[in-house]
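*Asks:* Structure for this input, please:
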Amino acid sequence: MARQDTVDRLRESLERRSRRRSSMPPPQVLVVSPRFELESGGAQPFHAASVGKVMTATLVGMLVEEGRFAFDSPLGKVLPAPDVDGLPTVPGVDARTDITVEHLLTHTSGLPDYFEPPRGTSTAVSTRTAASDPDRYWSPAALLDEARRLPAVGRPGERFRYGDTVYVLMGRIVEEATGQPFNDVLRRRIFRPAGMERSSTPYSDARTPADLDDLDVAPFWLGRHELSRALSVSLDWAGGGIVAPPADLVRFQQALHGGRFVSPDTLRWMATPRHRRRRGIHYGAGMVTVRFGEFTPPFLRGLPEPVGGLGHFATHLFYYPRQRAHVVLNFHAYRRMNQSFMTHARIARLLAAA
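*Replies:* Have a look, this model is predicted:
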């Protein structure tokens, strides 16, 4: 069992960080396990960023199990022409017949990412430009139009390229399969069954900047820009436009791994790593596996390998199957990503010792 003094030292370390003078608030940390719990940084809802991709992938898995479509269904079978026509592909590839739902989930569609576009290109919603027009609302159709300005990055199934374009398409697939707006489906089929009472999709539901004036959300930064009241964050949509407190994210994960959303076989299929984005970060079909043993220093070898989601603002949502533990982190900005992994590694060591 993890020694209480070790847990207390980690908590004290986090609290010392919160007392330092900084433009950023302290990191939010929540660990829930049978052997110990750790909470620091408060329970305020935060922008989950790409952690929300796990929920979108779960919705897709639920619809596949219901027979609405299959993982190998081509885009032309699940989306209308306005969504698919003009998507950039390499010569000889037809997006309607050659790109499948599985390609989207595994980031192997060959489609470019509007948020982190190929080198030498740009969009109005990239990491470099998204803050230039903070009051603009981005519809799914407008986001796909931004992707259409970019070159394709490969043939379907041949190359892993992480991105948000594919999640806009998956959000539209959910809408077409259910006949309902994506955010309504998310609330009805994920938030409510999991008991996520304080979770919302404010940036996608808002239509004017004033709609966000009273939003209860922790600050977050894209580069040097604090965007917690920026309507332009609607660019996340089905790729992670969720605002939730740490406890709600644990509730989602408990429901997911407790079998309330998809079968064990589908969950295993989603979680199984297929591609490495960078050392220690491996992607399956909508879920991420962290392999601490690939990081340095070498004392991280042998740690358990959690599965879950990772977001641009150094947000983590991970489950440790053997330890039956849940870890939620929010460090508020990409430039804190390394710090977030250092903290997560310390938590992994505590869980391994428990």
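*Asks:* Following element in sequence after the lowest-mean-pLDDT helix or strand in the chain, please.
*Replies:* Least confident element among the helices and strands of the chain, by mean pLDDT, DSSP states H and E: helix 4-19 (a mean of 71). Sequence-wise, the next helix or strand beyond helix 4-19 is strand 28-32, with elements assigned using DSSP states H and E.
*Asks:* who does that next one pair up with?
*Replies:* strand 37-40 (antiparallel), strand 325-330 (antiparallel) (DSSP bridges).
*Asks:* Strands of this structure, residue ranges please.
*Replies:* For the chain, the strands defined by DSSP state E cover 28-32, 37-40, 46-47, 221-222, 225-226, 243-244, 275-278, 281-283, 288-290, 307-311, 315-320, 325-330.
*Asks:* quick one, which of those is nearest to Phe182?
*Replies:* Of all these, strand 243-244 sits nearest to Phe182, with 15.4 Å by CB to CB. (Each C-beta comes from the backbone N, C-alpha and C, glycine too.)
*Asks:* Just name whatever secondary elements the closest one is in contact with.
*Replies:* Contacts defined by 3 or more CB pairs under 8 Å, 6 or more residues apart in numbering; DSSP states H and E place strand 243-244 against strand 46-47.
*Asks:* Can you list the neighbours in contact with the strand it packs on?
*Replies:* Here strand 46-47 makes contact (CB atoms under 8 Å, 6 or more residues apart in numbering) with 28, 203, 217-218, 220, 228, 233, 236, 242-246, 313, 315, 330, 332.
*Asks:* Serialize the strands of the chain to TSV and add fields for mean neighbour count and distance to Leu150.
*Replies:* Converted to TSV, the strands of the chain look like this (neighbours: other CB atoms under 10 Å; distance: least, CB to CB, whole Å):
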stretch	mean neighbour count	distance to Leu150
strand 28-32	22	34
strand 37-40	17	40
strand 46-47	30	25
strand 221-222	20	20
strand 225-226	15	23
strand 243-244	26	28
strand 275-278	13	19
strand 281-283	19	21
strand 288-290	23	24
strand 307-311	25	22
strand 315-320	26	26
strand 325-330	28	30
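*Asks:* Give me the domain ranges for this protein.
*Replies:* Segmentation of the chain into domains, based on automatic domain parsing, reads 4-51+197-353, 53-192.
*Asks:* which one of those has the lowest average pLDDT?
*Replies:* Ranked by mean pLDDT, the domains of the chain end with domain 4-51+197-353 at the bottom, a mean of 92.
*Asks:* contacts for stretch 109-116?
*Replies:* 87-90, 93, 95, 99, 103, 118, 121, 123, 125-127, 130, 143, 146-147, 150-156, 158-159, 161-166, 169, 235, 239.
*Asks:* Restricted to helices, list those.
*Replies:* Ala95, His103, Leu143, Glu146, Ala147, Thr165, Val166, Leu169 (DSSP state H).
*Asks:* so who does Arg128 touch?
*Replies:* Ser122, Gly223.
*Asks:* how about 7 Å then?
*Replies:* Ser122 (CB atoms under 7 Å, 6 or more residues apart in numbering).
*Asks:* can you list the strands paired with strand 28-32 in JSON lines and add distance to Pro74?
*Replies:* Formatted as JSON lines, the strands paired with strand 28-32 follow (distance: least, CB to CB, whole Å):
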{"stretch": "strand 37-40", "distance to Pro74": "45"}
{"stretch": "strand 325-330", "distance to Pro74": "36"}
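*Asks:* who's in contact with Val288?
*Replies:* Ile281, His282, Val307, Gly308, Gly309, Leu310 are the contacts of Val288 under CB under 7 Å, 6+ apart.
*Asks:* gap between it and Val54?
*Replies:* Counting by CB to CB, to the nearest Å, the separation of Val288 from Val54 is 8 Å.
*Asks:* so what sits against both of the two?
*Replies:* Residues touching both Val288 and Val54 (CB under 7 Å, 6+ apart) are Gly308, Gly309.
*Asks:* sorry, back to before: now render the strands of the chain as CSV, adding distance to Glu15.
*Replies:* CSV is the format used below for the strands of the chain (distance: least, CB to CB, whole Å):
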stretch, distance to Glu15
strand 28-32, 10
strand 37-40, 6
strand 46-47, 18
strand 221-222, 22
strand 225-226, 23
strand 243-244, 23
strand 275-278, 31
strand 281-283, 28
strand 288-290, 25
strand 307-311, 23
strand 315-320, 19
strand 325-330, 15
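*Asks:* can you count the residues close to the closest residue to Gly157 other than its chain neighbours?
*Replies:* Spatial nearest neighbour of Gly157, chain neighbours left out: Thr108 (5.3 Å); criterion: CB to CB, 6 or more residues apart in numbering. Thr108: 24 surrounding residues under other CB atoms under 10 Å.
*Asks:* I figured Thr108 hits Arg155, correct?
*Replies:* No - using CB atoms under 7 Å, Thr108 is not in contact with Arg155, being 9.2 Å away.
*Asks:* what sits against Pro219?
*Replies:* Pro25, Glu226, Ser228, His332.
*Asks:* For the second one, give the beta-bridge partners.
*Replies:* Right, Glu226. Going by DSSP bridges, Glu226 forms beta bridges with Trp221.
*Asks:* Brilliant, that's me finished.
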